[in-house]
Structures are given as C-alpha cells and as structure tokens.
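[1] Next comes the sequence, and after it the predicted model I'd like to discuss.
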Amino acid sequence: MCTRILIVDDDRTIVDFLSIFLEREGYSISSCYEGETALDHIRNEAFQLILLDIMMPVLNGFDLIGRIREISEVPVIFLTAKDQQEDKIRGFIAGCDDYVTKPFDLTELSLRISAILKRSPAAAEQPAEAPGELQIKDVTLLPEEHAVSKNGVEINMTPKEYGILLLLARNKGRVFTSRDIYELVWEDTYLESDNTVLTHIRNLREKLGDTVKNSKYIRTVWGVGYKVDKEA
C-alpha cells in the first residue's frame, strides 16, 4: 500500500519538481493548482498528507485549510514563501501540522513528511490506494514500480530516461524546454551549452521505437521543447 500525498500549489514548476522527487521517495502523488479542485480531490479520494501553498488566487491556503478541516483531519504541511512569524502562527492556528518556508531543502522536507506520517492517527486510519498507471498510447508507466512497458514488453531505462518520460506523461499537452527538463529531472542548474537532455531524449525515442519526423510518443516543438500530446 502506497502513501498518497496531494500537492496544492499554483506554481506548476514547483508541483512538477516535488512530484518527481516524492515519487522517487516511494509516495503516490496527486496534484492541483487551486483550492476548489483540491477540495474535490479531498472529498472523493483518500490522502495521508497534503502539501499546501498559501499564496494562491481565489482561495488562499489559510482559507483553504479552514475548509479542509471541516471535512478531514488529514495532516497538512504549508509550503510557502511567507516567512514572517505572524504567518507561521496564523498557519498553526488555522490547523496546519508543519510550516516549511521556500526555498526549502528536499531532504529536510522528506524527513518532516516521514515524521508527521509516523505520528499521525489520521494518516494511519486512511486506507492508501495504489497509484494508477500512466498511458502513452501503447506504452505503460507504473510509477510505484518505476517500470515501463510497450505492448506488455518491459523496456529497460536509465533513471534519467524514466524521469523524463514520467514528467512528460504526467503533464500531457504541456511543452517542457530542455532547461525545464534538466532542472526538474537532474535537480541541478542548466547550462545552455549542455546537450544532455537532447542525448537522453534521443536514447529514449530509440527505446520506444519513436522518431522525430513521425513522432508517436514524444513530440518536438521546434525552437521550444518537448511534449506528449494530450490525446496520446
């Protein structure tokens, strides 16, 4: 059974970055970018933890946690740039279980998540559901197992190749630049002269049986980046 975490943040780059990191830590991740959608998720699905931004449009984090506490005792960690003492106090009064300011250290965040999950009765009571598979036409990704197959035949991939494919599969229709991919998958600063992403995309296409000219899985958006089509 896999622990399920919901990330709620209007910054899509942060959501993507956290999703990749936490999936590698063994968690099943769902995400959304505004409060009302988050409430729909919480009403209809079981989560063991929520990572919640404060400064979001329409329904901010302080208001959202109040709505969450009306329907659930699921642990909530605020992840926010609001680092004033009065904001932290307000967050804990509102019902958060921890308060982490941006920028944050991923190792520290992982330890805080583990600590809350270990001590939280609400988290322990909620049944964890296995994460669903991701599909790109006849290619299947199983995030919990870090596995990829095509028509039922397993494809061996390096961790970075898998990370790129997972990023694109989780965000169908969105174009990622080489910089985006490098900083999200490699978790490092991108250098303009670096062809690392291009090389990995080429290797990934070869393993999938894909081509640039007649792309079935990973499409090149010339002068911009790469994407998986929404209908794929």
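    That came through, no problem.
[2] hey, let's count contacts and neighbours off CA atoms from now on
    OK.
[3] Give me the helices and strands touching the helix or strand harbouring Ile5, please.
    Using DSSP states H and E, Ile5 maps to strand 4-8. Judged by 3 or more Cα pairs under 8 Å, 6 or more residues apart in numbering; DSSP states H and E, the packing partners of strand 4-8 are helix 12-24, strand 28-32, strand 49-52.
[4] Let me know which of these is tucked in deepest.
    Most buried of the helices and strands packed on strand 4-8, by mean neighbour count (mean count of other Cα atoms under 10 Å): strand 49-52, with a mean of 25.
[5] Heading C-terminal from that one, find the next helix or strand.
    helix 61-71.
[6] Show me the shaky parts of this structure.
    Where the chain drops to pLDDT under 70, the residues are 1, 121-132.
[7] got the domain boundaries for it?
    Following the TED database, one finds the domains of the chain at 4-118, 134-228.
[8] sorry, back to before: any chance you could list what contacts the strand holding Ile5?
    The contact list for strand 4-8, computed with Cα atoms under 8 Å, 6 or more residues apart in numbering, reads 15, 19, 27-35, 38, 46-53, 128-129.
[9] Same question for stretch 74-92.
    Contacts of stretch 74-92 with the rest of the structure, by Cα under 8 Å, 6+ apart, involve 47-55, 61-62, 95-103, 116, 120, 122-123.
[10] Check stretch 197-217 too.
    136-137, 150, 155, 157, 160-161, 164, 178, 181-182, 218-220, 228-229, 232.
[11] Just the buried subset of these, please.
    The neighbour-count test (16 or more other Cα atoms under 10 Å) marks 136, 150, 157, 160-161, 164, 178, 181-182, 218-220, 228-229 as buried among the contacts of stretch 197-217.
[12] Let me have these in JSON lines, adding secondary structure and distance to Leu208 as columns.
    JSON lines is the format used below for the buried ones among the contacts of stretch 197-217 (DSSP: H, G, I helix; E, B strand; the rest coil; distance: Cα to Cα, whole Å):
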{"residue": "Ile136", "secondary structure": "strand", "distance to Leu208": "11"}
{"residue": "Lys150", "secondary structure": "strand", "distance to Leu208": "8"}
{"residue": "Met157", "secondary structure": "coil", "distance to Leu208": "10"}
{"residue": "Lys160", "secondary structure": "helix", "distance to Leu208": "15"}
{"residue": "Glu161", "secondary structure": "helix", "distance to Leu208": "11"}
{"residue": "Ile164", "secondary structure": "helix", "distance to Leu208": "13"}
{"residue": "Ser178", "secondary structure": "helix", "distance to Leu208": "19"}
{"residue": "Ile181", "secondary structure": "helix", "distance to Leu208": "19"}
{"residue": "Tyr182", "secondary structure": "helix", "distance to Leu208": "20"}
{"residue": "Ile218", "secondary structure": "coil", "distance to Leu208": "9"}
{"residue": "Arg219", "secondary structure": "strand", "distance to Leu208": "13"}
{"residue": "Thr220", "secondary structure": "strand", "distance to Leu208": "15"}
{"residue": "Val228", "secondary structure": "coil", "distance to Leu208": "13"}
{"residue": "Asp229", "secondary structure": "coil", "distance to Leu208": "15"}
